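In: just the structure for this:
(chains A and B)
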Amino acid sequence: MIEELLVSLTVFTLATFVGYSVITKVPPTLHTPLMSGSNAISGIVIVGALIVAVREGGMVGLVLGTLSVALATMNVVGGYLVTDRMLRMFRRSDEDRG
Amino acid sequence: MMESVVLSNLTEGVYIISGALFILGLIRLRSPATARSGNVLSALGMLLAVVFTLVNEEIIGVEGMIIGFAVGSLAGAYLARRVQMTAMPQMVAVFNGFGGGASALVAAAELFYLNRTPPVQDSVTVVTIMASTIIGAVTLTGSFIAFGKLQGLVGSRPTLIPFRNVINAILLGGALGLAGFLVVEFTSDAAGAVFSGLSQGEWIFLIMAALALTLGVLLVIPIGGADMPVVIALLNSYSGLAAAAAGFVLDNQVLIVAGSLVGASGLILTRIMTRAMNRSLANVMLGGFGAEEATGGGDGEQKPVRAVNADDAATVLGYARLVIFVPGYGLAVAQAQHSVRELADLLKSRNIEVKYAIHPVAGRMPGHMNVLLAEANVPYDELYDLDEINSEFDRADVAVVVGANDVVNPAARNDSSSPIFGMPILNADRAQSVLVLKRSMATGFAGVENHLFHLDKTMMLFGDAKESVQAMTGEVKEL
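Out: Alright, predicted model coming up:
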């Protein structure tokens, strides 16, 4: 158990540093799409929701899991779509205004 | 058996690819030119992770899941399509809340599962279940209060409950105390008593969750509407941390990678926002800012202001070489983005250089004003942030302040008695002349008098921002 925890902590620490260095390079003009896009990424909990929903946790487990799947799916679908909608609007001055 | 081991290893491999795609997607957010493809890569990573989880866990065909997917997809797609760009902060708040809620539910479902499948659980899993539940629950209710404040459903003025910090401390202490008790309960052999179908531990778990939900409400209620950008950024971070905690519960590395990326992102944005307001995070979170009428710093008497009409303003604009627009949220409230862009286009056709100076807190969330202007077809290479533009005001002929107030108040620079002293501002007062479009002489969010309006070089054009801009556009055409 403790070995698994150590692996997870390593991954957590490294990913946080990667996140920090990548995200500090996002320009302020894209901070709103960054937030909605990271909303979509935090929808990754859908994977966890799927895993727990089909366990033999009885009715309670299934209900909680399904509700969780619905919420996470909304984050994923809504988050990516709205981010794309915003990013489509960003144009350079020399680009065609279409 | 052999096959399922291969499949499960394959799935773990796909999770690594998904994590890499999320990071690639964020890297491509470095420029608006590559950002859209980055978003697609990130979505592809998500799709891979979901599909392989479905196959690996043999979930396809489980009816509950199909309902969950269908409801979530429809609701998400509907919101994404219909939301107004001005309402983006509310939407992000709602999504933060749902993300946190989903993580808390995953942790809860896992607890109920483990508690019904003896033997005794290991303490690491139980501790992470408690963490995921508490963070997720606070994120859920906190986000909904933030949504309510932004949407105007809950009063945007801070609601100050007496002894709120004591109450919050008791709630947090209570939740953590119960969590500690539960770790002992679930890791010991002794089977607890059972009440109406749930074991004693499960009941206590529900009480702990209720305390965390209440804490989320009470933490955000005292924070004023103007501070919501900080709150949303912070809750964004929490929703990531809740997902990472759920990853610890399930020993699932892709949850941990994705969750910590979001956690880091939210923290960075939170820091950018608090710096732009010259406040500490603690100061924002303790709440109450703007609850009482702040008195302007310094002198009681004010010099009169110079009111002009659209004709005068157009003359100054039409013969300038460099015009810098300083948009504030008032611009969005008046729906004047398109009119401003039309005026800017007209000025550019007269060979006048046009730039936009965007303060980090110009909108209601980080980067909000940029999105609102992009929607009005303002090219992103004309948008400049604080550090880039401040040296340019010296050579600007006109700074046009539209619906902004505190972010151009020179008191932040030179009046140490002012409540906003030290806040980084746009140096609009350094331009040759300043044109302020404003509805009335009312003060900004901070309730502070603005000396910029009383300078000799400042012209005040009173009225609805959209109508004023359109009137100026008409007059410039006549020149």
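In: please identify the helix or strand for the closest residue to A:Thr16 other than its chain neighbours.
Out: Nearest residue to A:Thr16, sequence neighbours excluded (Cβ to Cβ, 6 or more residues apart in numbering or on different chains): B:Ser260, at 4.5 Å. Quick note: C-beta positions are derived from backbone N, CA and C, even for glycine. Assigned by DSSP states H and E, B:Ser260 belongs to helix B:253-276.
In: going by neighbour count, which residues in that helix are buried?
Out: By neighbour count on 16 or more other Cβ atoms under 10 Å in any protein chain shown, the buried set for helix B:253-276 is B:253-270, B:272-274, B:276.
In: likewise stretch B:6-17?
Out: Residues of stretch B:6-17 classed as buried: B:Thr11, B:Val14, B:Tyr15 (neighbour count, 16+ other Cβ under 10 Å).
In: contacting chain A as well, which ones from the residues you listed?
Out: Filtering those for neighbours of chain A using Cβ under 8 Å from any Cβ of the partner chain leaves B:Tyr15.
In: redo the buried residues of stretch B:6-17 as JSON lines? Include secondary structure, distance to B:Ser440 and pLDDT.
Out: Output for the buried residues of stretch B:6-17, formatted as JSON lines (DSSP: H, G, I helix; E, B strand; the rest coil; distance: Cβ to Cβ, whole Å; pLDDT from 0 to 100):
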{"residue": "B:Thr11", "secondary structure": "helix", "distance to B:Ser440": "61", "pLDDT": "92"}
{"residue": "B:Val14", "secondary structure": "helix", "distance to B:Ser440": "59", "pLDDT": "95"}
{"residue": "B:Tyr15", "secondary structure": "helix", "distance to B:Ser440": "56", "pLDDT": "95"}
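In: possible to save the buried residues of stretch B:6-17 as JSON lines with distance to B:Asp227?
Out: Below are the buried residues of stretch B:6-17 laid out as JSON lines (distance: Cβ to Cβ, whole Å):
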{"residue": "B:Thr11", "distance to B:Asp227": "43"}
{"residue": "B:Val14", "distance to B:Asp227": "41"}
{"residue": "B:Tyr15", "distance to B:Asp227": "37"}
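In: and B:Leu437, that's in a strand?
Out: Yes - per DSSP: H, G, I helix; E, B strand; the rest coil, B:Leu437 lies within a strand segment.
In: contact partners for it?
Out: Counting by Cβ atoms under 8 Å, 6 or more residues apart in numbering or on different chains, B:Leu437 makes contact with B:Val400, B:Val401, B:Val402, B:Gly403, B:Leu461, B:Gly463, B:Ala465, B:Ser468, B:Val469.
In: let's see 10 Å
Out: B:310, B:313, B:325-328, B:330-331, B:334, B:336, B:340, B:400-404, B:459-469, B:472 (Cβ atoms under 10 Å, 6 or more residues apart in numbering or on different chains).
In: state the distance from it to chain A.
Out: From B:Leu437 over to chain A the distance is 23 Å, taken as Cβ to the nearest Cβ, to the nearest Å.
In: quick revisit: please verify my assumption that the residue nearest to A:Thr16 contacts A:Thr13.
Out: Yes - the pair B:Ser260 / A:Thr13 is scored as a contact, 8.1 Å apart, by Cβ atoms under 10 Å.
In: picking that back up, quick check, nearest of the buried residues of stretch B:6-17 to chain A?
Out: B:Tyr15 (7.9 Å; Cβ to the nearest Cβ).
In: excluding its backbone neighbours, what's nearest the closest one?
Out: Spatially, and ignoring its direct neighbours in sequence, B:Tyr15 is nearest to B:Val254 (3.7 Å; Cβ to Cβ, 6+ apart).
In: then B:Asn390?
Out: Take B:Asn390 and drop its neighbours on the chain: the residue closest to it by Cβ to Cβ, 6+ apart is B:Asn427, 5.1 Å away.
In: that neighbour and chain A, how far apart?
Out: Counting by Cβ to the nearest Cβ - B:Asn427 and chain A are separated by 17 Å.
In: that older thread, ok, and which of the contacts of B:Leu437 reach chain A?
Out: Among the contacts of B:Leu437, no residue sits close to chain A (Cβ under 10 Å from any Cβ of the partner chain).
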